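[1] make a model of this:
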Amino acid sequence: MTLANIDEAVAAGASQAAACALVGLDERTVQRWRTRPDLEDQRRGPTRRPGNALTATEEAELVALLTSKEFGGLSPHQLVAKLADQGRYFASEATMYRLLRSRRLLRHRDRARPRTRRGPREHVATGPNQVWAWDITYLPAGVRGTFWFLYSIIDVWSRKVVGWAVHDEQSDDFAAQLVEDACRREGVARGRLVLHADNGAAMKGKTMLVKLEELGVVPSFSRPRVSDDNAFPEALFRTIKYRPSYPGRFLTIEDARRWVTAFVAWYNDDHQHSGIRFVTPSERHDGRETALLAQRHRVYLAARARHPGRWTGHTRNWKPIAVVRLNPDHRAVEQHN
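    Numbers count the residues shown, from 1 in each chain. The predicted structure follows:
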């Protein structure tokens, strides 16, 4: 019985979800069957064998063909073509796949490895100045169709803007100088920092790459045309352009620089960031968040002690976020958890 098989798999240590998936059932379907007194498979399948189905002898012959030395390395798509060249037809590709699957023989059958989609490389930060991400965004200038360019570097762990500049063009020379200034200001040691960027010309220019090697900074790049791989600068630029004070257009480059100066001061020192327990990037970057979050925790514990009936469980989580991942490998995170 199907339910008995599921119960046996669960007793052996499998999860019910995995056991249900193996037999092609939804967990809710199984739960509904358990309300039936007979605990039988309640699926309404065909009551008779289809007239066009292969006989048991034909199935055995086909399986032998699929696993033979001559054809065992071919996929069903390749096999039907090969057989047709020999003037033979046994069954459709779908039937061949069904037989292979039912006998757990379905695998990659040719010598070439199946193509896999590579995600972006994961970078893990457990403190400031370990992983930075940077990008360039447009700031509309006074004349329609013209722009200033805001270069910005953000610390992935603390969200602090550690470097920025506004220029009238995109250039790897400007980018290299910005990174050098930020590293010197933050006291970054050689070999300790990963700098992530997208695939723009300024990010991968020769001057920029030479400067990174000189500073001992490890470069990292997004996949082509995938903006989500550089999410931290993208989120920063969204915050910039949705600020109520954002003018929408800057007549001169000096206007743009003055506005960005005020924005970065607010963002780093006053903005309580939702991604880091509502402390400011500077408080986290400088190590002040631990005492601040501990004080918030004590306030909540005292409030619960005064009115315990108003609390149904734990107080709000005010623990510092220890690890931040850029482009996390979700499979690795799930296995770790």
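[2] those strands in the stretch 1-150 of the chain, which residues are they?
    According to DSSP state E, counting those that start in this stretch, the stretch 1-150 of the chain carries its strands in the segments 123-125, 131-140, 147-155.
[3] just checking: what are the partner strands of the shortest one?
    If I follow you right, that is strand 123-125. Pairing partners of strand 123-125, with direction, according to DSSP bridges: strand 324-326 (antiparallel).
[4] ok, residues contacting stretch 230-247?
    For stretch 230-247, contacts defined as CB atoms under 8 Å, 6 or more residues apart in numbering pick out 133-135, 137, 150, 152, 154, 156, 159, 161, 196-198, 222, 227-228, 255, 259-260, 262-263, 267, 271, 326-327. (C-beta placed from N, C-alpha, C; glycine too.)
[5] apply 6 Å and report the result again.
    Ala133, Asp135, Thr137, Ile154, Val156, Asp198, Ser222, Ser227 (CB atoms under 6 Å, 6 or more residues apart in numbering).
[6] pull the number of nearby residues for the closest residue to Ala197 other than its chain neighbours.
    With CB to CB, 6 or more residues apart in numbering as the criterion, Ala197 has its nearest non-adjacent residue at 3.9 Å, and that residue is Met203. For Met203, the count of nearby residues is 22 (other CB atoms under 10 Å).
[7] what helices or strands is the helix or strand where Met203 lies leaning on?
    Per DSSP states H and E, Met203 falls inside helix 201-204. Here helix 201-204 touches no other helix or strand, going by 3 or more CB pairs under 6 Å, 6 or more residues apart in numbering; DSSP states H and E.
[8] Ser222 contacts Asp228, correct?
    No - with contact defined as CB atoms under 6 Å, Ser222 does not reach Asp228; the gap is 8.3 Å.
[9] who has more neighbours, the two?
    Neighbour count, other CB under 10 Å: between Ser222 and Asp228, Ser222 has more, with 22 against 10.
[10] if we ignore the residues flanking it in sequence, what's nearest the more buried one?
    Per CB to CB, 6+ apart, closest to Ser222 is Asp229, 3.4 Å.
[11] what comes into contact with the next helix or strand after the helix holding Met203?
    Remark: after helix 201-204, the chain's next helix or strand is helix 206-215, criterion DSSP H and E. By CB under 6 Å, 6+ apart, the residues outside helix 206-215 that reach it are Asp172, Asp173, Ala175, Ala176, Cys183, Pro219.
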